[in-house]
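# Got a predicted structure here, sequence first:
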Amino acid sequence: MALSNCPECNGNVSDAARTCPHCGYPLMAFHQAHPTIPPLLSLVLPGSGQVLKGQTFMGLFFLFITVVFYLLFLPAGMLIHFLSIIDAAWVDPAKGRLRKS
């Protein structure tokens, strides 16, 4: 097991750790190596990108709301689906706000 640095606090972290023990930053290598995967998953199934990033409640919320709005009013469902994709692409799960590019 090797040690690496946390991208958030620069503390020493094991390669096997899912989160930084110092600051709690999620260290999901799959998500960090492929930032296009969560939005593509949300394109196919609303909310699945959030679930991949560890935001299970938000993912289920987007899935439920999108299905309800698609059934009630198609344009509103499309808008919620689009917001799910945007959230999966740009929201940092560690901070709950937009990532800096």
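Looks like it arrived, so ask away.
# contacts and neighbour counts: CA atoms only from here.
Noted.
# What is the helix or strand hosting V67 packed up against?
Applying DSSP states H and E as the criterion places V67 in helix 56-72. Counting contacts by 3 or more C-alpha pairs under 8 Å, 6 or more residues apart in numbering; DSSP states H and E, helix 56-72 packs against helix 48-52, helix 74-90.
# how about the nearest residue to R18, chain neighbours excluded?
With C-alpha to C-alpha, 6 or more residues apart in numbering as the criterion, R18 has its nearest non-adjacent residue at 5.0 Å, and that residue is L27.
# again, but for N5
Closest residue to N5 apart from its sequence neighbours, by C-alpha to C-alpha, 6+ apart: N12 at 4.9 Å.
# For burial, what's the neighbour tally of that neighbour?
Neighbours of N12 under the rule other C-alpha atoms under 10 Å: 14.
# Run through the residues that contact it.
Taking C-alpha atoms under 8 Å, 6 or more residues apart in numbering, we find N12 in contact with L3, S4, N5, C6.
# So which of these wins on neighbours?
Tallying neighbours with other C-alpha under 10 Å puts C6 at the head of the contacts of N12, with 20 neighbours.
# right, and that one touches R18 too?
No. Between C6 and R18 there is no contact under C-alpha atoms under 8 Å: 11.0 Å.
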